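*Asks:* Got a predicted model here, sequence first, then my questions.
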Amino acid sequence: MTGFPILSTIIFLPLVGAIVIGLLPRGSLAAMRGVALATTLATWVLSLILLVGFLPGRPGFQYVEAVPWISAFGIQYKVGVDGLSLVLLVLTTTLTWISIVASLGPIRQRIREYLISFLVLEVGMTGVFLALDLFLFYVFWELVLVPMYLIIGIWGSANRLYATIKFVLFTLVGSLLMLVAILALAFSYQAAHGGDWTGAFDYERLRGFAVDATPFTLLAVGPWHLDISFQSLVFAAFFLAFAIKVPMWPFHTWLPDAHTEAPTAGSVILAGILLKMGGYGFIRYSLPLLPVAAHQWAPLLIGLSLVAIIYGAIVALRQPDLKRLVAYSSVSHMGFVTLGTFVFQPQALQGAILQMVNHGLITGALFLLVGIIYERAHDRTIARLGGLAGPLPAYAALFGFFVFASAGLPGLSGFVGEFLVLAGSFAYQPWVGAIAAVAMILSASYLLWMYQRVFFGELSEFLRSLGHHLADLAPAETLTLVPLATLVVVLGIFPGLLLHLFGGTVDGILAAAGGATGLILR
């Protein structure tokens, strides 16, 4: 593969598929679906080839592609991959083709526009995880907003316009502040280099500019190139953008509405990938580019993370709607990601990255399962869905599997990430780990109580009235769930498969951010 621009191919192949779909005759719906599925599968295969060829022990970024773009301001098209971006890239390509398969039946109107929106969305998501130029990163970050706006606003449920406007307002405000932060960093770099813009938006150069490369601790700080108060202001702007996307409490209120109104595949991508963009931003940019500010802000972010973990679990416990329950569970689970990021412990940061991957697999599957029953019953009210285990045994079994995975059952992937975050949190401050551990009990409570009410007992009168419409899993539905279940088992038993990939990346980020190193699990 030497010399082949595999990263650019992965990013823009879905765009080629979108163009082809746009050129197809209006009535060729089967061809449109085939092109979308073939394109996303090809992108997924390329990401697996990238995974096989990746060298975990090599420092820095691999497969780097750099081309001048807006030379007057030092802006370039530069992409590359390390262990952190690689695992999130493969998660993105995996969930995208699964989402396309999940959309083949439920989406019956404006199919061409829907498929084009989904493929453009994949372009933005992959670009976010691979960009090594901050301006390019911002372009891809904003690109994601447009197709997701259309997917929720056109193919969503009854209150989709309210949910869409709320989603756009929250994320757009955060994005604009992030743009200000990026420009501030670039202007600082340019001023420090005699007015030369070369490299002003380059992530690798900015990382070296932010702090001396010599390893340091908070007791022995190296020579800072960025003023501490300046770092704090830039960190605040990045914080709002990433915290809204995660979303952290109290910026989470857009998420339940967006999930509730989005079509099933939209919820899968929203929970599985878009939330991870916020966690990725904190780890990739906030820690190594603004290390002093990261330590200054850490107590606040740890506190907000603990609130999100407990609050999300308690609110999920009281939800009458199945989809909103899963949505609030995301607030709780993503709290572990931000907690693991800002305790500056290697086990915790590894756990945060694992938690992002595992949450994408498990919660994505739960949203698929909620969508399956909604297609049959057109209702997600927990009180009306009793006794499903009788007529839908395969569905009940898979739903139970992912419920236990989400609750953190040892042996499944959901356990490993949360365990590592808790281990690192206890090493940071025992009381922080103790508070976070309470969420494990709450998580099991709301998930198992929901499962008992929905699947056991007598079949409800409402479900009985559906008659033959209450059918078990179809082959296409099974196809979307079995790969996710397989990954949950494999990564639960062999988490080292991922830890080995991003262990070096975690070590480098913590070294740049002044955190503990040397305890990386391989």
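*Replies:* Now that the structure is in, tell me what you want to look at. What you are looking at is a predicted structure, and each value in this text was computed from that prediction instead of being measured.

*Asks:* going forward, measure contacts between C-alpha atoms and count neighbours the same way
*Replies:* OK.

*Asks:* Next, the buried residues of stretch 295-304.
*Replies:* Buried residues in stretch 295-304, defined by neighbour count with 16 or more other C-alpha atoms under 10 Å: His295, Trp297, Ala298, Leu301, Ile302, Leu304.

*Asks:* and if you look at stretch 457-464?
*Replies:* Residues of stretch 457-464 classed as buried by neighbour count (16+ other C-alpha under 10 Å): Leu459, Leu463, Arg464.

*Asks:* So what does the closest residue in space to the second one that isn't next to it in sequence have for phi and psi?
*Replies:* If I follow you right, that is Leu463. Residue nearest to Leu463 in three dimensions, not counting chain neighbours: Leu385, with 6.6 Å by C-alpha to C-alpha, 6 or more residues apart in numbering. Note on Leu385: its backbone torsions stand at phi -120, psi 30 [degrees, to the nearest 10].

*Asks:* same deal with Ser157?
*Replies:* The phi/psi pair for Ser157 (degrees, to the nearest 10) is phi -90, psi -160.

*Asks:* hang on, isn't it packed against Ala262?
*Replies:* Yes. Using C-alpha atoms under 8 Å, Ser157 is in contact with Ala262, at 6.5 Å.

*Asks:* who has more neighbours, these two?
*Replies:* Comparing Ser157 with Ala262 by neighbour count (other C-alpha atoms under 10 Å), the higher total belongs to Ala262, at 28 against 15.

*Asks:* For the more buried one, give me phi and psi.
*Replies:* Taking degrees, to the nearest 10 as the convention, Ala262 sits at phi -70, psi 150.

*Asks:* quick one: it from Ala383, how far?
*Replies:* Separation of Ala262 from Ala383 (C-alpha to C-alpha, to the nearest Å): 22 Å.

*Asks:* hey, where'd the helices end up in the stretch 1-150 of the chain?
*Replies:* 6-23, 29-53, 83-103, 111-130, 134-155 (DSSP state H, counting those that start in this stretch).

*Asks:* tell me what the fourth one is packed against?
*Replies:* Yep, that's helix 111-130 we're talking about. helix 6-23, helix 29-53, strand 75-81, helix 83-103, helix 134-155, helix 275-281 (3 or more C-alpha pairs under 8 Å, 6 or more residues apart in numbering; DSSP states H and E).

*Asks:* run the last query once more with 6 Å
*Replies:* helix 6-23, strand 75-81, helix 134-155 (3 or more C-alpha pairs under 6 Å, 6 or more residues apart in numbering; DSSP states H and E).

*Asks:* That helix to helix 83-103, inter-axis angle?
*Replies:* 170 degrees (axes from the mean of the first three to the mean of the last three C-alpha atoms, to 10 degrees).

*Asks:* and the angle for helix 111-130 with helix 29-53?
*Replies:* 10 degrees.

*Asks:* How about residues contacting helix 111-130?
*Replies:* Applying C-alpha atoms under 6 Å, 6 or more residues apart in numbering, the contact partners of helix 111-130 are 11, 14-15, 18, 79-81, 85, 137, 140-141, 143-144, 147.

*Asks:* and if you look at the first one?
*Replies:* When contacts are taken as C-alpha under 6 Å, 6+ apart, the neighbours of helix 6-23 outside the stretch itself are Met32, Thr39, Thr43, Ile116, Leu119, Val120, Val123, Thr126, Gly127.

*Asks:* Put the alpha carbons of stretch 382-399 into CSV.
*Replies:* Presented in CSV, the C-alpha positions along stretch 382-399 are these (Å, rounded to 0.1, in the frame of the first residue of the first chain):
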residue,chain,number,x,y,z
ILE,A,382,-42.3,0.8,28.6
ALA,A,383,-45.6,0.3,30.4
ARG,A,384,-47.2,-0.9,27.2
LEU,A,385,-44.5,-3.4,26.2
GLY,A,386,-44.8,-6.2,28.8
GLY,A,387,-44.3,-9.9,28.0
LEU,A,388,-42.2,-9.6,24.8
ALA,A,389,-40.0,-12.6,25.6
GLY,A,390,-42.8,-15.0,24.7
PRO,A,391,-43.5,-14.0,21.0
LEU,A,392,-40.0,-12.6,20.4
PRO,A,393,-37.5,-15.0,22.0
ALA,A,394,-34.5,-14.2,19.8
TYR,A,395,-35.2,-10.5,20.1
ALA,A,396,-35.4,-10.8,23.9
ALA,A,397,-32.2,-12.8,24.1
LEU,A,398,-30.2,-10.3,22.1
PHE,A,399,-31.7,-7.4,24.0
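
*Asks:* in that stretch, what's buried?
*Replies:* Buried-residue list, stretch 382-399, by 16+ other C-alpha under 10 Å: 382, 384-389, 391-392, 395-396, 398-399.

*Asks:* before we move on, back to that, now tabulate the helices and strands packed on helix 111-130 in a markdown table and tack on mean pLDDT, distance to Arg376 and mean neighbour count.
*Replies:* What follows is the helices and strands packed on helix 111-130, written out as a markdown table (pLDDT from 0 to 100; distance: least, C-alpha to C-alpha, whole Å; neighbours: other C-alpha atoms under 10 Å):
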| stretch | mean pLDDT | distance to Arg376 | mean neighbour count |
| --- | --- | --- | --- |
| helix 6-23 | 95 | 29 | 20 |
| strand 75-81 | 94 | 42 | 22 |
| helix 134-155 | 92 | 17 | 21 |
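
*Asks:* Just send these back as CSV, with distance to Leu442 too.
*Replies:* Formatted as CSV, the helices and strands packed on helix 111-130 follow (distance: least, C-alpha to C-alpha, whole Å):
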stretch, distance to Leu442
helix 6-23, 39
strand 75-81, 37
helix 134-155, 30
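
*Asks:* between the ones you listed, which one is nearest to Gly424?
*Replies:* strand 75-81 (26.0 Å; C-alpha to C-alpha).

*Asks:* Next, the angle helix 134-155 makes with that closest one.
*Replies:* Using the same axes, to 10 degrees: strand 75-81 against helix 134-155 is 80 degrees.

*Asks:* Could you name the helices and strands sitting against strand 75-81?
*Replies:* With contacts taken as 3+ C-alpha pairs under 6 Å, 6+ apart, strand 75-81 sits against strand 62-70, helix 111-130.

*Asks:* okay, the ones you listed, which one's buried deepest?
*Replies:* Compared across these, helix 111-130 shows the largest average neighbour count, a mean of 24 (mean count of other C-alpha atoms under 10 Å).

*Asks:* Tell me which residues touch Tyr328, please.
*Replies:* Contacts of Tyr328 (C-alpha under 6 Å, 6+ apart): Gly312, Ala316.

*Asks:* Am I right that it falls within a strand?
*Replies:* No. Looking at Tyr328 with DSSP: H, G, I helix; E, B strand; the rest coil, it is helix, so not inside a strand.

*Asks:* In space, what's closest to Ala407 - neighbours in sequence excluded?
*Replies:* Ala444 (5.1 Å).

*Asks:* does the one you found belong to a helix or a strand, and which?
*Replies:* For Ala444, the element it lies in under DSSP states H and E is helix 430-455.

*Asks:* tell me the mean pLDDT over the helix or strand just after that helix?
*Replies:* Going down the chain from helix 430-455, the next helix or strand is helix 461-464, by DSSP H and E. Averaged over helix 461-464, pLDDT sits at 80.

*Asks:* Show me what the helix or strand following helix 461-464 is packed against.
*Replies:* Beyond helix 461-464 on the C-terminal side, the first helix or strand identified by DSSP H and E is helix 475-493. Packing partners of helix 475-493 (3+ C-alpha pairs under 6 Å, 6+ apart): helix 413-428.

*Asks:* The helix it packs on relative to helix 475-493, how many degrees between them?
*Replies:* Using the same axes, to 10 degrees: helix 413-428 against helix 475-493 is 30 degrees.

*Asks:* Show me the contact partners of helix 413-428.
*Replies:* Residues outside helix 413-428 that contact it (C-alpha under 6 Å, 6+ apart): 340, 345, 347-348, 351, 354-355, 358, 405-406, 408-409, 432-433, 488, 491-492.
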